[in-house]
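Student: Quick one, fold the following:
(chains A and B)
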Protein chains: 2
Amino acid sequence: MQTQPRWLLIATLFFLTAALARADEGMWLFSDPPRDLLKTKYDFDPSPEWLEHLQRSSVRFNNGGSGSFVSADGLVMTNHHVGSGALQKLSTAGRDYLATGFLAKTPDEELRCHDLELNVLVSIEDVTDRIEAAVKPDHSPQQAYEARRAAMNTIEQQSLEKTGLRSDVVTLYHGGLYHLYRYQRYTDVRLVFAPEVDIAFFGGDPDNFEYPRYCLDICFFRVYENDKPAKIEHYLRWSPGGVDDGELVFVSGHPGRTNRLKTVAHLKFLRDRILPAQLDEVRRREILLEIYGGRSREAERQAQQELFGYRNRRKALLGALAGLQDPEIMKRKTAEEEAIRRALAGRPELEAKYADAWQKVAGAIDQWAEIEEEYHLLEAAAAFNSQLFHTARHIVRLAEESEKPNAERLREYRQSNLASLRQQLFSAAPIYPELEITRLADSLGMYAEMAGIESPMVRKVLSGKSPQARAEELIGGTRLANPAQRKTLVEGGPAAVRASADPMIDLVRLVDPPARALRKQFDENVEEPLNQAYGKIARARFALGGKDVYPDATFTLRLALGVVRGLEQAGQAVPPWTTIGGAYLHAAEHGDTAPFKLPRSWTEHKDDLALNTPLNFVSTNDIIGGNSGSPVVNRDGELVGIIFDGNRYSLVWGFVYDDEQGRAVAVDSRAITEALNKVYSAINVVEELGVRR
Amino acid sequence: MQTQPRWLLIATLFFLTAALARADEGMWLFSDPPRDLLKTKYDFDPSPEWLEHLQRSSVRFNNGGSGSFVSADGLVMTNHHVGSGALQKLSTAGRDYLATGFLAKTPDEELRCHDLELNVLVSIEDVTDRIEAAVKPDHSPQQAYEARRAAMNTIEQQSLEKTGLRSDVVTLYHGGLYHLYRYQRYTDVRLVFAPEVDIAFFGGDPDNFEYPRYCLDICFFRVYENDKPAKIEHYLRWSPGGVDDGELVFVSGHPGRTNRLKTVAHLKFLRDRILPAQLDEVRRREILLEIYGGRSREAERQAQQELFGYRNRRKALLGALAGLQDPEIMKRKTAEEEAIRRALAGRPELEAKYADAWQKVAGAIDQWAEIEEEYHLLEAAAAFNSQLFHTARHIVRLAEESEKPNAERLREYRQSNLASLRQQLFSAAPIYPELEITRLADSLGMYAEMAGIESPMVRKVLSGKSPQARAEELIGGTRLANPAQRKTLVEGGPAAVRASADPMIDLVRLVDPPARALRKQFDENVEEPLNQAYGKIARARFALGGKDVYPDATFTLRLALGVVRGLEQAGQAVPPWTTIGGAYLHAAEHGDTAPFKLPRSWTEHKDDLALNTPLNFVSTNDIIGGNSGSPVVNRDGELVGIIFDGNRYSLVWGFVYDDEQGRAVAVDSRAITEALNKVYSAINVVEELGVRR
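Tutor: Numbers count the residues shown, from 1 in each chain, chains lettered A, B, ... in the order given. From the prediction side, this is the model:
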């Protein structure tokens, strides 16, 4: 018999002392901050007021990003690439705010966004016991899933009724804890300032996820209440002096998703199935939009923001997949898993309760594998890559679900979510029929390729036509591009929807029975067993090592600590900062051609700028997609920067944090001040920030 | 029992009268031109001399294109995008001939290409009987395949020994006829003139496969013999007057591959498996090269020509797949197949001999489907997307095959092919290690995704490393980038290769046993049964309708007839010609930005040019990829243009020809003259062409 290898012993010790050994790792809950780590390593003990102020100053952009309040009058700062969706929707054929940037000199010049929703976290309440009490030991997977959903829908609805606040039950540790998050909702959001995309995303795709960087990736919005700028109690003060090398800084934002606590079997499924399929689809859509954009400058304008999204995602996915294909990383994940399972084996009472969880995860993954492709095509609607299809489906399902009691509805149609859903559905953001046809035709073609063009469902969907002809027929025939038509149907209720002969509604009715069946299978045979199994693993972790394991990211507010620190790259020391002057050099090195062409405002004002002003910096804070726009603050809670990217070495952080070379990338607050003052003469903005020069 | 539907009857009649009904369809053999059609429809009866002159004036570019002799001193004209591979290989970091163009003012300024081989068809001999006699009725598939290959290898070798000419047995009708083609080989090919890529490929990817077009897609080479310009008897005279609307024109060139005679089952396999997989791979590589090119301008230069190739292929494949996914086209193919099978059913003696062929094709396709993915990864080497891997494999296999009798060798190592193979192997064209690493790492990653990273073969290939690390190790370690090293190994023979410890050679040795086994399975279980079955179908066609069915394209010389004719597109009449002046307007409409930016030479010489000179034109000639660079000649055999593209409606021509909207696109000879005279002052070239103004 082989003796226990030494690395396993080390891995076990590593796991049990992880919180201390982990350096600056962690996306911590505001309700459970890493006090010991902060005290021990940084001699910092944040007060409840310090934490509450930072929490309440932090803003979630519901389209997938983060931001912060920076004035008492509701001014919000985020990344340009977080605001770019709203900028795109405000733009038209003759008016491209992404290209030109925007500045409202007075409040009445501010532009109201079509459908942006901002959330501010007000309170956190542990509702694990209520959720777990609803699920009985003798429940079938179906009963368990339905009981869990009913409990969540009901808790949220009761909270909404009681407080008037947006109320979301958040599943932490993939099923280990359930917290009720209450948010202040802001739906009247107006654009105040955006620079040109050429400086916001200077260096384009080649520089994305790289460092050194030279981007002014910021924009400003203002939240309104009752048609007046909202009065905000908690907002971040601008640091007067900026930040020093090695200084402790905090990032408060909304990391979207990490997979650090997932089992090795689960990671292998991501590596072998999910990520390759996602990459194929992202590449396909990237090229589709490149082709579309090649038709004309207007077509290019229409597709630009979505194209950026695919390119960004493609780089993130490539980095993630490369990480999972790196045997060193998989070895580390395997060692971590072996360590906890070994530790469990030494505690028979825990082993009896929890040791079967890994097998249960693997079993749920097997179920997932069976339906994954069809689920992705029909329920995730990859076969119908059209905004109007999604709109039609919401209309059809909303009508159906509204006839059920709240506790029994699909999660997205629960009573407490309807205000947000209606805002999306009735958005007057422009829809471009040619772009819709292009996307839908390609995705119908993909459906035919993947499911078989002669399969019964594909035949019905295509209805005897080619994917192109069918897409033209659907987009040409539907009236759902008109928001008034959507409103009529939604407000007409189930009867109106049933009576509709809109071809896109017809298509949804055709596809929905199998799509809903797949959803049900997924919910009951994959999600519920995963929740139960990961709940066990989480409880095992808690029992073995206490609660100082932070949960995986869930697009809810987290606190990450770190220090400003350069890195070594290709044998060279890369300092933590770049400067404004460096941007001009970087442009010149690339022949001043796109995507390395600075906007005219920057070339014209070069002489006005202090070229040694810090522009971007790197730090060790633990971030991931969704953190874009997160404020970076110092010990005094002052704003010193804004996160906008991670470097290439951070692309594996979805699975493992490592700060040897991995870094978060931020815009330095000093560059923002300098540019607003000198390049954009945004006097009103800098005065509001208190940084006019 | 149902009566025979009317469309089937019509389809039968259609098939039997196809040659007449087909209008200008056809890629005809020079040994079997469509005399009746020409006589009946165009009152034209080409003399043997006319045909021989055109045949001998036509040039095949062995990298995949066509061209023609245009002077007695070996001057050859082809497309810029056919010559661009040679241009790329002649370019270096400081000297980018694709960007700048090139003009040799005197013969000693002409640049010798690294590895270009040009072929001129000298004679055609029917060897069907010899091939078929080798295959006995009682042969197993393995015996049949080996007997057929032995016969082909031997015929070629005997012909080479007898004539000194390159000798290739060409399989026509996918197995219906076998012809021996003898070629004059030219391997000393020198660059004479190329315009800038910005005018050669004006409009870039957006305009590719579209019309109207505005491209000067030409370049000139010269063939040498014994270090002197070759003396050429047959070359095309430049037409003094150009061509008229509706005029009969001929295209003589080398269409690469069509699938018009393939069975419906075969087409469905292409539609459902092959084309989608090819597209996924092409998209993947397109994006990979875009990312690589984003690193620096030099990286962009290194990748540009290969990137063009993928983009071109992606558009062609998208059009082809859309065609196969169009129910109308599939209905037409099905009707054609039903018609011939029904006609056979009416002739019992033919039915007994041939009717099982369709089933046999389907059976071979089933065998193909089983091994296709692994064959593609290992034998087609998609898992090893590296020039140096392919070089290493040729070295290893050449050593092994050279120890066998000629008749038993893999086709590419038959004695008669070795001169061409050695020219490729010893090419001094530059190899870029970083580009090699990028390609190889990505393809190893793809291999891991497709075959499973934990499969035994993938584990061996990756050798415990990530795809990136393994690619760096292989490209960093191999010495095969040095042509002298390749030569040493090849000339050292099997012993030298066996003794080599080069890591890329090692990798080939690891992969070759399964790769060769897959090759053997494919050759014996797919290719041989398909040859036999398609041979039957061809003989059935001949028996039913005579030989006026032309064979599918095989990258051998074909004659296509047609007329200059505009088309209707999006409800608008598109005239057959564009003009030089139109190019300037087209640039202006797109803001004079890439890919719609004319080169400086064109903006500087605008006033010198006759802006109403015809630039590009469309005609109904039946062409496909491989025809690029084909001369367009009039009844007098004079050169009036050069094919460089098909329009978007021609993208289905791989399966069905249709001239309602489908068109071939050519550069007008008048624009070539005008540009050489006025923009490039290429006095020596125009004097040699006899068109100096």
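Student: could you measure the residue nearest to residue A:390 when sequence neighbours are not counted against residue A:453, distance?
Tutor: In space, and not counting its chain neighbours, residue A:390 is closest to residue A:381: 6.6 Å by Cβ to Cβ, 6 or more residues apart in numbering or on different chains. C-beta here means a position set from N, CA and C on the backbone, and glycine is covered the same way. Applying Cβ to Cβ, to the nearest Å, the value for residue A:381 to residue A:453 is 19 Å.
Student: about what we covered before: ok, the residue nearest to residue A:390 to residue B:111 distance?
Tutor: Between residue A:381 and residue B:111 the computed distance is 55 Å (Cβ to Cβ).
Student: Tell me who's in contact with residue A:630.
Tutor: A:58, A:66-68, A:251-254, A:623, A:642-643 (Cβ atoms under 8 Å, 6 or more residues apart in numbering or on different chains).
Student: do that again at 7 Å, thanks
Tutor: A:66, A:251-253, A:623, A:643 (Cβ atoms under 7 Å, 6 or more residues apart in numbering or on different chains).
Student: Now it: phi and psi?
Tutor: Torsion angles at residue A:630 (phi, psi; degrees, to the nearest 10) stand at phi -60, psi 140.
Student: and the residue nearest to it when sequence neighbours are not counted, what are its phi and psi?
Tutor: With sequence-adjacent residues excluded and distances taken as Cβ to Cβ, 6+ apart, residue A:630 is closest to residue A:253, at 2.7 Å. The phi/psi pair for residue A:253 (degrees, to the nearest 10) reads phi -160, psi -160.
Student: who's more crowded, residue A:381 and residue A:453?
Tutor: residue A:453 (22 against 17; other Cβ atoms under 10 Å in any protein chain shown).
Student: So the more buried one is in contact with residue B:325, correct?
Tutor: Yes. Counting by Cβ atoms under 7 Å, residue B:325 is a contact partner of residue A:453 at 6.1 Å.
Student: Need the overlap of contacts for those two.
Tutor: Shared contacts of residue A:453 and residue B:325, counting by Cβ under 7 Å, 6+ apart, come down to residue B:271.
Student: which ones are touching residue A:532?
Tutor: Contacts of residue A:532 were listed using Cβ under 7 Å, 6+ apart, and they are A:175, A:360.
Student: hang on, the earlier thing: which residues does the residue nearest to residue A:630 form a beta bridge with?
Tutor: Counting by DSSP bridges, residue A:253 forms beta bridges with residue A:558.
Student: and it, what does it touch?
Tutor: Shown in contact with residue A:253 (Cβ under 7 Å, 6+ apart): A:58, A:66, A:558, A:627, A:629-630, A:643.
Student: rerun at 8 Å
Tutor: Residues counted as contacts of residue A:253 (Cβ under 8 Å, 6+ apart) are A:58, A:66, A:557-558, A:560, A:623, A:626-631, A:643.
Student: Tell me, how many residues neighbour residue A:305?
Tutor: 19.
Student: my bad, residue A:161
Tutor: So residue A:161, with other Cβ under 10 Å, has 11 neighbours.
Student: Next, give phi and psi for the spatially closest residue to residue A:680 that is not a sequence neighbour.
Tutor: Take residue A:680 and drop its neighbours on the chain: the residue closest to it by Cβ to Cβ, 6+ apart is residue A:103, 6.1 Å away. Main-chain dihedrals, residue A:103, degrees, to the nearest 10: phi -140, psi 120.
Student: before we move on, what about the one 3 residues further on?
Tutor: Note on residue A:106: its backbone torsions stand at phi -140, psi 160 [degrees, to the nearest 10].
Student: Which residue, other than its chain neighbours, is closest to it?
Tutor: In this structure, residue A:106 finds its nearest non-sequential neighbour in residue A:684, 7.1 Å apart by Cβ to Cβ, 6+ apart.
Student: what separates the one you found from residue A:192, distance-wise?
Tutor: 8 Å.
Student: Between these two, which contacts overlap?
Tutor: The contact sets of residue A:684 and residue A:192 overlap at residue A:104 (Cβ under 8 Å, 6+ apart).
Student: Please say which of these two ends up with more neighbours.
Tutor: Neighbours were counted for residue A:684 and for residue A:192 using other Cβ under 10 Å; residue A:192 has more, 26 against 18.
Student: quick one: which helix or strand includes that one?
Tutor: Using DSSP states H and E, residue A:192 maps to strand A:188-194.
Student: now residue A:479
Tutor: Assessed by DSSP H and E, residue A:479 sits outside every helix and strand.
Student: repeat for the one 5 residues further on
Tutor: Following DSSP H and E, the helix or strand that holds residue A:484 is helix A:483-499.
Student: And the helix or strand containing the residue nearest to residue A:106, what's buried?
Tutor: According to DSSP H and E, residue A:684 maps onto helix A:683-689. Within helix A:683-689, the residues that count as buried by 16 or more other Cβ atoms under 10 Å in any protein chain shown are A:684-686, A:688-689.
Student: Likewise for stretch A:125-143?
Tutor: Buried-residue list, stretch A:125-143, by 16+ other Cβ under 10 Å: A:127-128, A:130-132, A:134-135, A:139, A:141.
Student: orientation of the helix or strand just after the helix holding residue A:484 relative to helix A:483-499 in degrees?
Tutor: Using DSSP H and E, the next helix or strand after helix A:483-499 towards the C-terminus is helix A:503-522. Interaxial angle of helix A:503-522 relative to helix A:483-499 (axes from the mean of the first three to the mean of the last three Cα atoms, to 10 degrees): 70 degrees.
Student: So which bits of the stretch 401-550 of chain A are right by chain B?
Tutor: Proximity of the stretch 401-550 of chain A to chain B, by Cβ under 8 Å from any Cβ of the partner chain, involves residues A:445, A:448-449, A:452-453, A:462, A:464-469.
Student: Residue numbers of the stretch 151-300 of chain A in contact with chain B?
Tutor: Checking the stretch 151-300 of chain A against chain B by Cβ under 8 Å from any Cβ, the hits are A:204-206, A:271-272, A:276, A:280, A:283-284, A:286-287, A:290-291, A:294-297.
Student: switch the cut-off to 10 Å
Tutor: A:203-208, A:210, A:268, A:271-273, A:275-277, A:279-288, A:290-297, A:299-300 (Cβ under 10 Å from any Cβ of the partner chain).
Student: And the residues you listed, which of them are buried?
Tutor: Among these, those scoring as buried are A:203-208, A:210, A:268, A:271-273, A:275-277, A:279-288, A:290-295, A:299-300 (criterion: 16+ other Cβ under 10 Å).
Student: Show only the entries of those found in helices.
Tutor: Among these, the residues falling in helices (DSSP state H) are A:204-207, A:268, A:275-277, A:279-288, A:290-293, A:299-300.
Student: Phi first, then psi, for residue A:627.
Tutor: The phi/psi pair for residue A:627 (degrees, to the nearest 10) is phi -70, psi -10.
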